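Undergrad: test case, fold it:
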Amino acid sequence: ALRLSYLRSGGHDPAVLDQLLHLQLEATVLEKGAAGPGRGRRMAVPAEPPGTGTHGLDAALLAVELENRRLEDELLALKVRRERRADAGSRAAQRHTEELAQLQAEVGMLRCHAEQTRPWLPPPVLPPPIAPPLPP
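TA: Below is the predicted model:
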């Protein structure tokens, strides 16, 4: 639960994730040891890969399950980050579209204002043509 909470809140530091995985493995080994026949003895997390035998297979299976959980958590974190980026991108695109529409409206208003305030000049008077047109 702590690891999942860390990932959902945006945590992605590999050192912290490894430490949380190690703590989860240690807690699982301790829980299995407390539930088993040797309740009073203290269980240690194996530093080396598990050997053969039932306990070794259980530890190997537990390690694979924990690795699967870690990978699932990592996938969930990646999906959450992708969704956040997509949401942020769509919000930014919407904001840009709104700003563009506002700027276009302002340009239109400025054009209208410029046309209204432009001094009206009489149409230019052109001099008569130099030579009369040739007959057809």
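Undergrad: in which helix or strand does Leu100 reside?
TA: In the assignment (DSSP states H and E), Leu100 maps to helix 54-117.
Undergrad: what's the average pLDDT for that helix?
TA: Helix 54-117 comes out with an average pLDDT of 86.
Undergrad: how far is that helix from where the chain is centred?
TA: When distances are taken as C-alpha atoms, centre = their mean, to the nearest Å, helix 54-117 is centred 5 Å away from the chain's centroid.
Undergrad: and stretch 22-34, by the same measure?
TA: For stretch 22-34, the separation from the chain centroid amounts to 33 Å (computed by C-alpha atoms, centre = their mean).
Undergrad: mind saving the C-alpha coords of it as PDB?
TA: Only the C-alpha atoms of stretch 22-34 are listed here, as PDB (Å, rounded to 0.1, in the frame of the first residue of the first chain):
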ATOM      1  CA  HIS A  22      13.000  -4.800  -0.200                       C
ATOM      2  CA  LEU A  23      10.900  -3.800   2.800                       C
ATOM      3  CA  GLN A  24       7.900  -5.500   1.200                       C
ATOM      4  CA  LEU A  25       9.900  -8.700   0.600                       C
ATOM      5  CA  GLU A  26      11.200  -8.600   4.200                       C
ATOM      6  CA  ALA A  27       7.700  -8.100   5.600                       C
ATOM      7  CA  THR A  28       6.300 -11.000   3.500                       C
ATOM      8  CA  VAL A  29       9.100 -13.300   4.700                       C
ATOM      9  CA  LEU A  30       8.500 -12.300   8.300                       C
ATOM     10  CA  GLU A  31       4.700 -12.900   7.900                       C
ATOM     11  CA  LYS A  32       5.300 -16.300   6.400                       C
ATOM     12  CA  GLY A  33       7.700 -17.100   9.200                       C
ATOM     13  CA  ALA A  34       5.300 -16.000  11.800                       C
END
